[in-house]
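Q: Got a sequence here, can you model it:
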Amino acid sequence: LPALSFLFLGRSVGRNDASRVQRCVFSDSQAGAIELRGAADIEVLDNAFHRTYRTAVWVTEESLPDSITLRGNVALETLRHPREAESWWRPFAAFLVEVRARELS
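A: Residues are numbered from 1 along each chain as shown. Below you'll find the predicted structure:
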C-alpha cells in the first residue's frame with residue numbers, strides 16, 4: 001500500500017469531503033507515495049517525493065474527471081521496486097494520472 005491512500009469504493013466513489021495534501025515530504029515510500037482511487041475534490045499541492053518506488057502520485061481511472069488538482073509537486077528518483085519480477089515490465093511514472101485533472105501544473 002502507498003504511504004497515503006484515498007480509497008473510495010462502490011457508492012462512496014466521488015462523494016468524499018474536500019481534502020488537501022500540502023507541503024509534505026514523502027521519502028523512500030516502498031509502494032508509492034499517494035494513491036487516489038475513486039476520489040474527487042482533492043488537491044495535492046507543493047509536495048516533495050524522494051526515492052519513491054512505482055509512483056509518487058497515482059490517480060486511478062475510478063476517480064472523477066476534472067476534480068483532482070496537482071500543482072507545484074516535485075518527484076526525484078521514482079524507481080522500479082528492486083523486488084519486482086523482471087520477467088515482464090509494468091509501466092510506471094512519477095505522476096500516473098488516469099483521468100483528466102482539474103489542474104496539472
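Q: all strands for this structure, in order.
A: Using DSSP state E, the strands assigned to the chain run over residues 4-7, 19-22, 25-27, 34-37, 42-45, 48-50, 57-59, 68-71, 74-76, 95-97, 103-104.
Q: For the shortest one, name the packing helices and strands.
A: In this case it means strand 103-104. strand 68-71 (3 or more Cβ pairs under 8 Å, 6 or more residues apart in numbering; DSSP states H and E). From N, CA and C alone the C-beta is placed, and that goes for glycine too.
Q: Provide the strand pairings for the strand it packs on, with the direction of each partner.
A: strand 42-45 (parallel), strand 103-104 (parallel) (DSSP bridges).
Q: would you list those strands in TSV and tack on distance to Ala31, mean pLDDT and mean neighbour count?
A: Below are those laid out as TSV (distance: least, Cβ to Cβ, whole Å; pLDDT from 0 to 100; neighbours: other Cβ atoms under 10 Å):
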stretch	distance to Ala31	mean pLDDT	mean neighbour count
strand 42-45	17	97	20
strand 103-104	23	96	12
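Q: Columns distance to Ser67 on top of the ones you listed, output as JSON lines?
A: Formatted as JSON lines, the strands paired with strand 68-71 follow (distance: least, Cβ to Cβ, whole Å):
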{"stretch": "strand 42-45", "distance to Ser67": "7"}
{"stretch": "strand 103-104", "distance to Ser67": "10"}
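Q: Ile42 is in contact with Arg20, isn't it?
A: Yes. Assessed by Cβ atoms under 8 Å, Ile42 is found in contact with Arg20 at 7.3 Å.
Q: and the residue nearest to Ser5 when sequence neighbours are not counted, how far is that from Asn47?
A: The shortest distance from Ser5 to any non-neighbouring residue, by Cβ to Cβ, 6 or more residues apart in numbering, is to Glu35 (4.7 Å). Here Glu35 is placed at a distance of 14 Å from Asn47 (Cβ to Cβ, to the nearest Å).
Q: my guess is Asp28 contacts Phe49, does it?
A: No. In this structure Asp28 lies outside contact range of Phe49 using Cβ under 8 Å: 10.2 Å.
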